[in-house]
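Enquirer: Sequence isn't available, so here's the structure alone:
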Ligand SMILES: O=C(O)[C@H](O)[C@H](O)COP(=O)(O)O
Ligand SMILES: [Mg+2]
């Protein structure tokens, strides 16, 4: 049964128990550009207590550098690039190190600049993505659009993730690449999140967008690189020996059961679910023990707010 964090003694005991705090971002630290309550104070408290904070997001619209800018813009200083892991970075590393795609091949992107930037940083050329030629503001879809009959023969992989700038042309082009060459072009997805938590409402998530081209092409992704895939956990453990040798000194904090909580549990960490994103207390209380988070709380800021009481 998950323990709800509601008092100072629980928080003091929790802070003594863990050295590594892995934070999901959307629905935990912020909702879009709205910082959630007492987040800076909580991160400052953890820093004062010499805790290691690492940020792990499935939101592929930004590259790691963009997240550093977002933290600074929201008044959170002192975070370094090696403390930020995103599904755009994890997917680009997959293309480079696992798929071993030759650098003279291109990657078709259904997604935003975060994916493009991480791929480019590894030396890849991308097509699609934020290309302005694929924006059809106010223009009726043209089934004879030249791009649909002039696919780029250099494309050697399709990488799909979250985009807020979706249109029928981008979906249709992605589908053409998934069907091309007898469906042989590798299909990589950044993450499976079905919804995107926004202020007070749930919007369409990357997983639902990817499901569209998956259903239409009759193909499932060959790899899904974000949480709960352990690739990012393994990278984090490779950089943090204390967590590698004793994962129970780590706490994974998130808002989604099938990504964040599974990611932490599968990595051998304890887990804290916060109710500021996707999940509800009612859902948590119905969970079987084997998938229930170790703890849950109304919001991450409760770590600070109860600590000082
Ligand atoms: O739709 C998505 O991709 C996800 O809702 C979103 O980006 C999750 O980000 P996270 O909560 O892992 O920071
Ligand atoms: Mg989240």
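Expert: Structure received. All values reported here derive from a predicted model rather than from experimental measurement. Residues are numbered from 1 along each chain as shown. Ligands and ions are numbered 1, 2, ... in the order given.

Enquirer: Next to ligand 1, which bits of the stretch 101-250 of the chain? Give me the list.
Expert: Within the stretch 101-250 of the chain, the residues that sit near ligand 1 (C-beta under 6 Å from any ligand atom) are 162, 191, 193, 196, 205, 206. Yep, even glycine has a C-beta here, placed from its N, CA and C like the rest.

Enquirer: let's see 5 Å
Expert: Contacts of the stretch 101-250 of the chain with ligand 1, taken as C-beta under 5 Å from any ligand atom, map to 162, 193, 196, 205, 206.

Enquirer: Any of these buried? List them.
Expert: With neighbours counted by 16 or more other C-beta atoms under 10 Å, these contain buried members at 162, 193, 196, 205, 206.

Enquirer: Now, these that are in strands?
Expert: In strands, defined here by DSSP state E, the members of those are residue 196.

Enquirer: who's the nearest residue to residue 52 once chain neighbours are set aside bridged to?
Expert: Excluding the flanking residues, the one nearest residue 52 by C-beta to C-beta, 6 or more residues apart in numbering is residue 20, at 4.9 Å. Residue 20 has these beta-bridge partners by DSSP bridges: residue 52, residue 250.

Enquirer: Could you pull up the contacting residues of residue 20?
Expert: Residue 20 is in contact with 51, 52, 54, 240, 242, 243, 249, 250, 251, 269, counting by C-beta atoms under 8 Å, 6 or more residues apart in numbering.

Enquirer: redo that, cut-off 7 Å
Expert: 52, 54, 240, 242, 243, 249, 250 (C-beta atoms under 7 Å, 6 or more residues apart in numbering).

Enquirer: Of those residues, grab the buried ones for PyMOL.
Expert: Per 16+ other C-beta under 10 Å, the buried members of the contacts of residue 20 correspond to this PyMOL selection:
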select buried, resi 52+54+240+243+249+250
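
Enquirer: Any chance of the contacts of residue 20 in TSV with pLDDT and distance to ligand 2 as columns?
Expert: Supplementary listing: the contacts of residue 20 in TSV, determined by pLDDT from 0 to 100; distance: C-beta to the ion, whole Å:
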residue	pLDDT	distance to ligand 2
52	98	20
54	98	15
240	97	21
242	98	25
243	98	20
249	98	23
250	98	18
